[in-house]
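Trainee: What shape does this take:
(one chain, ligands or ions: 2)
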Amino acid sequence: MFLREILNPVSNLKGAGPQVSARLARLGIINGADLLLFPPRSYEDRSVKRKLADFAAGPVNCRVVVISHDWFGFGRMKTLKIWVMDEEGTKAALICFNRPFLEQSFPVGQKMELFGRFGYKYAELQSSGFDAEAVPEGQNDNTELRKGALRAVYPLTEGLNQASLRKLVSQALKLWAFLEDEIPPSLRNKRKLLPKAEALRKLHKPESMAEALEARRSLAYEELFYLQIMVAKRALARRLTMREARLPDNSLVSAMKERLGFELTPDQQKALADIFGDMSGPWPMARLLQGDVGSGKTLVAFFAALYAVSAGEQAALMAPTELLARQHADTAARLLEPLGIRLAYLSGNVADSARKPLLAALAKGEVDFIIGTHALFSQDVEFRSLRLVIVDEQQRFGVLQRMALGSKGSQPDMLMMTATPIPRTLALTVFGDLSVSTIKTMPPGRLPIITHLARTGNEEKVYEFVRKQMALGKSAYFVYPLVENSDKLELKNAEAMYEKLSKQLYPEFRGALIHARLPEEEKRKTMLDFSTGKLSFIAATSVVEVGVDVPRATCMVIEHAERFGLAALHQLRGRVGRGLDQSYCFLVWSEKLGEEGKQRIMAMKNMSDGFEIAEEDLKIRGPGEISGTAQAGALKLVFTDFAKDAELLEEARMDARVLMETDPDLISKEGSIVSSVLKKANPFSGHEAAVVGQA
Ligand code: ADP
Ligand code: MG
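Mentor: Ligands and ions are numbered 1, 2, ... in the order given. Below is the predicted model of the structure:
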């Protein structure tokens, strides 16, 4: 009963009219659960008393008496000014913008508890951002300052202040003080977690910081626990779908190994063994193949495709951009077609006249391996027997997209690839039900990329260096944060810089401009010319970020490097160093480098391992920002701090697994309640889907 109520819109609360509700909605607060699970940004400590005279040391926190009222301004702009005095006789003015009603609440002679930052303005000690409460009649001056020394400080939105948000939260806490518990009592005791209602009260109205932390821990555990339950459920569900184990003959696989002209690295071999093991097992594969850019994942994926084809079934590879899909298709044509594999390529740009026969062939089983973009999961795409789905750069895809492709077969094997390594904690959360193969070592002969930093203004030296490389027949990427000129930001853009590079700096070399808005055909032509050496350089936006493989490129110049995230920088740098020659990455940063930007650039200078970089990224950005990134998929956990909650995550993971095995009914009963609440409160709504999508 209570749970249903908690999902009622916040507008049911007193003081939450249409206007306030609309503002709350901007903060993502729609219903009671959203409000109760809205985490304070920080807490204000009101245990320290401070007289008006000591205003410079911090917020004033003392008892005062109202000595007079004053008004300034005219008409609708008229503003109330309440003069107060503390017991030491210091006077100050409270400027009541838009709060004329305070005249009634605080008549002359009224005692009040005052909290707020004060400063001198117009030779008066004043504050406009104060918080005041009337001291009830008859309460003597020695009574303790009101209870609840810590005040929650919430992230705000325009038109909503701390006081009104606090009032709404208090109301909600009272209304739902008897909230049911959602974690089984045995686990609550074992992990020393607070009951739900208590956790919420201590989150919003803690008596001490320790209480606030305790509350956060309990709520984080709950998030992680139910997430892990969902992950475990998916894993179990997959195991329920048994299938006939198949051991195809592996002559195609050996034939391809012979064609390669090089040996697979030990990590590639290990990954392949994992994959073949899964694919011949009784359950559909759900595996994440992670490995730094250039570590040779694509090749492994091709072997997996061969395996499916050997079993007389079909494989599909989906890439996030047309450029990348094309590149995979070209590589496949080179490696697989000679083995007799029937390939097809599909993107949104394939003309109808070609698309129709292609789809017919696919449905009849006359195509073995199809490579393409998200066009692969269009409604009209049908397979005769889809056995394997490979998703390249999976973090680039939405959950639903991945799911859509998977649903085109009956329980196909899924191989997800990523070059954006995921810190372990995140991996356990988002990809908790996936098996993981990791390629750590690079193919032999690769030299580590040398990274140089240059400040804007010194980039001439960089251009000079690159010129010498190009003169040796090497190629270079120049990457800019913007496509065209922006009025707002004084940043170099790809278009203007392409002009400069081709006309002023390198008139003797051929180059081209490439960015996402150009027609696919043009992009493809440019990349082809670039990879065959017809072009010495390209000026680009981050379209070259993912996957592009041009071994002859040895220079990567990233201007305004501070504008790129660590993961993007790492990906960009990975575009070079793919051949046998020494490669270089130049990070050109501007004067306006912020603290975070500095940390990112230094991390790039000092680190080359993608996993290390990913951990560093987590540290720099903190958990708050992880939520919004494509990297984390739909991950949006409100109370969990990935940098700190690794242990809690492990505990929740263990508990969820044990419970799923010993008492799954308990969870399905309680889980349904909880997830309905939490879904509304948003952490899981996308998440459940994410987990489904992985499975
Ligand atoms: P990723 O997809 O992991 O970024 P790719 O599969 O594109 O990496 O591989 C990068 C390059 O390395 C390709 O040109 C590929 O042919 C080559 N390569 C892959 N595996 C090996 C290996 N074992 N030995 C030598 N070169 C390899
Ligand atoms: Mg790749």
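
Trainee: Now for residue 617, how many residues are close by?
Mentor: The tally of other residues near residue 617 (other CB atoms under 10 Å) stands at 24. Using the backbone N, CA and C atoms, a C-beta is placed for each residue, glycine as well.

Trainee: Who are the contact partners of it?
Mentor: Taking CB atoms under 8 Å, 6 or more residues apart in numbering, we find residue 617 in contact with 423, 565-567, 600, 603.

Trainee: Spell out the secondary structure type for it.
Mentor: The three-state assignment at residue 617 reads helix, by DSSP: H, G, I helix; E, B strand; the rest coil.

Trainee: For residue 448, see how far away it is.
Mentor: Between residue 617 and residue 448 the computed distance is 20 Å (CB to CB, to the nearest Å).

Trainee: ok, and what's touching stretch 79-92?
Mentor: 51-53, 55, 60, 62-73, 93-97, 99-100, 102-103, 106, 112, 114, 118, 124-127, 141.

Trainee: Buried subset of the residues you listed as a PyMOL selection?
Mentor: Isolation of the buried members of the contacts of stretch 79-92 (16 or more other CB atoms under 10 Å) is achieved in PyMOL through the command below:
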select buried, resi 51+52+53+55+60+62+63+64+65+66+93+94+95+96+106+112+114+118+125+126+127
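
Trainee: Can you give me the buried ones in the longest helix along the chain?
Mentor: For the chain, the helix that runs over the most residues, judged by DSSP state H, is helix 209-240. Neighbour-count burial for helix 209-240, counted by 16+ other CB under 10 Å, picks out 211-212, 214-235, 238.

Trainee: Tell me which other helices or strands it touches.
Mentor: Other elements packing on helix 209-240 under the criterion 3 or more CB pairs under 8 Å, 6 or more residues apart in numbering; DSSP states H and E are helix 196-204, helix 424-430, helix 646-662, helix 664-680, helix 685-694.

Trainee: For the third one, what is the distance to the chain centroid?
Mentor: What it means is helix 646-662. Helix 646-662 has its C-alpha centroid displaced from the chain centroid by 23 Å (CA atoms, centre = their mean, to the nearest Å).

Trainee: okay, the angle between that helix and helix 209-240?
Mentor: Angle of helix 646-662 versus helix 209-240, following axes from the mean of the first three to the mean of the last three CA atoms, to 10 degrees, is 40 degrees.

Trainee: list the buried ones in helix 646-662?
Mentor: Neighbour counts over helix 646-662 (16+ other CB under 10 Å) mark 648-649, 651-653, 655-657, 659-660 as buried.

Trainee: Please save the CA atoms from it in PDB.
Mentor: Extracted in PDB, the C-alpha atoms of helix 646-662 (Å, rounded to 0.1, in the frame of the first residue of the first chain):
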ATOM      1  CA  ALA A 646      34.500  -1.800  -4.700                       C
ATOM      2  CA  GLU A 647      34.300  -3.900  -1.500                       C
ATOM      3  CA  LEU A 648      30.600  -3.200  -1.100                       C
ATOM      4  CA  LEU A 649      30.100  -4.300  -4.700                       C
ATOM      5  CA  GLU A 650      31.800  -7.500  -4.100                       C
ATOM      6  CA  GLU A 651      29.700  -8.100  -1.000                       C
ATOM      7  CA  ALA A 652      26.500  -7.400  -2.900                       C
ATOM      8  CA  ARG A 653      27.500  -9.500  -5.700                       C
ATOM      9  CA  MET A 654      28.300 -12.500  -3.500                       C
ATOM     10  CA  ASP A 655      25.100 -12.100  -1.500                       C
ATOM     11  CA  ALA A 656      23.000 -11.800  -4.700                       C
ATOM     12  CA  ARG A 657      24.500 -15.000  -6.100                       C
ATOM     13  CA  VAL A 658      24.100 -17.000  -2.900                       C
ATOM     14  CA  LEU A 659      20.500 -15.800  -2.500                       C
ATOM     15  CA  MET A 660      19.600 -16.600  -6.100                       C
ATOM     16  CA  GLU A 661      20.800 -20.100  -5.600                       C
ATOM     17  CA  THR A 662      19.400 -20.800  -2.200                       C
END
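
Trainee: Give the other helices and strands that it contacts.
Mentor: Using 3+ CB pairs under 8 Å, 6+ apart as the contact test, the elements touching helix 646-662 are helix 185-190, helix 209-240, helix 424-430, helix 664-680.
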